[in-house]
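Peer 1: Build the 3D model from these lines:
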Amino acid sequence: MFKLPTIDFSKNTFLDAETIEFHYGKHHKAYIDNLNKLTIDSERRSLIEIIKNSQGALFNNAAQSFNHTFYWLGLTPAKISIKKGSSLSLQIDKDFGGIEKLKPLFLERALSIFGSGWTWLALNKSNNKLEIINTTNADVIDLENKMPLLVCDVWEHAYYIDYRNSRANYLNDFWDSINWNFVSENFEKKDLKKIENSMSE
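Peer 2: Take a look at the predicted model:
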C-alpha cells in the first residue's frame, strides 16, 4: 500500500491553503487511492518498478503519485538557499555557469510546455552532466538513465487558484520556494529511496 507523503505548508508558503487542499488533498490523494486499487496485493512491487514496468491506468497513477511526491518534497515553506561550495553548487557552476544562470533556463523550459506537464532538473548518468528536461502529462523522465533532482508541476491545477493563467508568476515564486537541501541530497545519494519511503505505509 502507498500513502500520501507528509508535508508541512502551514505557514510562509507561496501556495494558499485552498490550492494545497485541492492539489495535495484531492488531486494527489486521488492518484494514490487509484494506485492502491490498481495494485495487486501479491505483487509487492516498489513504486519505481511499477513505473518502469506498467502502462495505461496503472502507469498513469503510479507516475503521477511519484511526480507529485517529488514536487512536494522539493518545496519548503521557509527559504532554503543552495549551499555555496557544495557538490551540487559546483556541478551547477560547471554545467550552467552558476545558479543565477540556471534559473532563467529552467523557467523558460517550464514556460515552453504546451498544456500540462513537468520540468525536471536531472543528472544524466551517462555523462554526469545536469540537464533540464520537460515531460508531458503523466510522463516521468527516463529513470534508468537520469537521476531526478527537482521537478516543477506545470499542470494548471498546480497554480490556477492562486495565479490564474499567469504561469510565469507561479514559476518565479516556485523557484524562491525550492528546498535545495532536498535537491542536494538527491544529487549526493543518487537514489530514489526518500521518495519511496515517504509513500510507504
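
Peer 1: From now on I want contacts and neighbour counts done on CA atoms only, so please keep to that.
Peer 2: OK.

Peer 1: Off-centre distance for the top helix by length along the chain?
Peer 2: Secondary structure assigned by DSSP state H gives helix 56-73 as the longest helix of the chain. Taking CA atoms, centre = their mean, to the nearest Å, the mean C-alpha location of helix 56-73 is offset from the chain mean by 9 Å.

Peer 1: buried residues in the following helix or strand past it?
Peer 2: The first helix or strand that comes after helix 56-73 along the chain, using DSSP states H and E, is helix 87-96. Neighbour-count burial for helix 87-96 flags Leu88, Ser89, Leu90, Gln91, Ile92, Asp93, Phe96 (criterion: 16 or more other CA atoms under 10 Å).

Peer 1: Likewise for stretch 54-61?
Peer 2: Applying a neighbour-count criterion of 16+ other CA under 10 Å, one finds Leu58, Phe59, Asn60, Asn61 buried in stretch 54-61.

Peer 1: Equivalent analysis for stretch 140-149, please.
Peer 2: Buried residues in stretch 140-149, counted by 16+ other CA under 10 Å: Val140, Ile141, Lys146, Met147, Pro148, Leu149.

Peer 1: Make JSON lines out of the buried residues of stretch 54-61 and add pLDDT and distance to His157.
Peer 2: Listed next are the buried residues of stretch 54-61 as JSON lines, based on pLDDT from 0 to 100; distance: CA to CA, whole Å:
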{"residue": "Leu58", "pLDDT": "95", "distance to His157": "21"}
{"residue": "Phe59", "pLDDT": "96", "distance to His157": "20"}
{"residue": "Asn60", "pLDDT": "97", "distance to His157": "17"}
{"residue": "Asn61", "pLDDT": "97", "distance to His157": "16"}
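
Peer 1: Format these as CSV; extra columns: distance to Lys189.
Peer 2: Formatted as CSV, the buried residues of stretch 54-61 follow (distance: CA to CA, whole Å):
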residue, distance to Lys189
Leu58, 28
Phe59, 25
Asn60, 27
Asn61, 26
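
Peer 1: which one of these is nearest Phe114?
Peer 2: Asn60 (19.0 Å; CA to CA).

Peer 1: Can you name the residues that contact the closest one?
Peer 2: By CA atoms under 8 Å, 6 or more residues apart in numbering, the residues touching Asn60 are Ala138, Asp139.

Peer 1: try 6 Å this time
Peer 2: Neighbouring residues of Asn60 by CA atoms under 6 Å, 6 or more residues apart in numbering: Ala138.
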